[in-house]
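> dropping the sequence and predicted coords here.
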Amino acid sequence: MKKSIMMIVAGLALAATTQAASINWSSSLRAVTWLDTLTTTAEGTQYYLVLDSYVAGITTAIKEGSFSAATAGVLDVGTSTGTKGAVSERVATSALLQVGGTVYDYRLLVFDSYAGVDYFQFSAAIPNMAYIPADPVYGEVRKVAFGDTEFSTDNWEAVPEPTSLALLALGVAAIGLRRKFRK
């Protein structure tokens, strides 16, 4: 009996230390400068709130074709409303965010299609935003708002097609085999 009570107390203590924290976030109207500025309707576009420290891994996942909302570093997904592409304020709760004033840098990730090619772009980082419990100014969570200064037309990067990567790998392998059997 005593052992089971100790196990329950230990489990509750562990759960309390790994509690997920939350952050409020949103994007303003026309925050993103889309590739096709004349015809793009941003309604229904998915915006991914990500931690800046995970951008390299997320980029690799995009290029390998394995990116999803469950990719490490993705905190939340918001869908834009209206033709200008705003995401209303949302609350992202994640175990990646630690309770107690830890400071994080956040970015938004968006995708666009132009002339038959898919592109992606990360916003500039909004730095030094912390989850602060019972903060007298912000309440329980801080608010991160992304505007047009965080996005640039020049930052779009093409998503490579899996077929192109496979052909490139096949070509490199063929060159390697040719050199091996040539000697």
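Good, I have the coordinates.
> can you pull the contacts of residue 76?
25, 48-49, 90, 92, 94 (CB atoms under 8 Å, 6 or more residues apart in numbering). Yep, even glycine has a C-beta here, placed from its N, CA and C like the rest.
> neighbouring strands - and their directions - for the helix or strand harbouring it?
Using DSSP states H and E, residue 76 sits in strand 74-79. Here strand 74-79 is paired, per DSSP bridges, with strand 46-51 (antiparallel).
> circling back: which member of the contacts of residue 76 is positioned nearest residue 109?
residue 48 (4.1 Å; CB to CB).
> now for the helix or strand containing residue 58, which elements pack on it?
Element membership for residue 58 (DSSP H and E) is helix 55-64. Packing partners of helix 55-64 (3 or more CB pairs under 8 Å, 6 or more residues apart in numbering; DSSP states H and E): strand 117-122.
> how about residues contacting the strand it packs on?
32, 35, 50, 55, 59, 62, 107-113, 151-152, 155-159.
> and those, which of them are buried?
32, 50, 55, 62, 107-112, 151, 156, 159 (16 or more other CB atoms under 10 Å).
> assign residue 176 to helix, strand or coil.
Assigned with DSSP: H, G, I helix; E, B strand; the rest coil, residue 176 falls in the helix class.
> burial measure for it, as a count.
Counted with other CB atoms under 10 Å, the neighbours of residue 176 add up to 10.
> and what of residue 56?
Count around residue 56 with other CB under 10 Å applied: 10.
> all further residue positions should be reported with the first residue as 773.
Noted, 773 is the first residue going forward, which turns the last one into residue 828.
> show the pLDDT at it.
For residue 828, the pLDDT comes out at 94.
> ok, now how distant is it from residue 834?
Distance of residue 828 to residue 834, computed by CB to CB, to the nearest Å: 11 Å.
> can you check residue 883 too?
Taken as CB to CB, the span from residue 883 to residue 834 is 9 Å.
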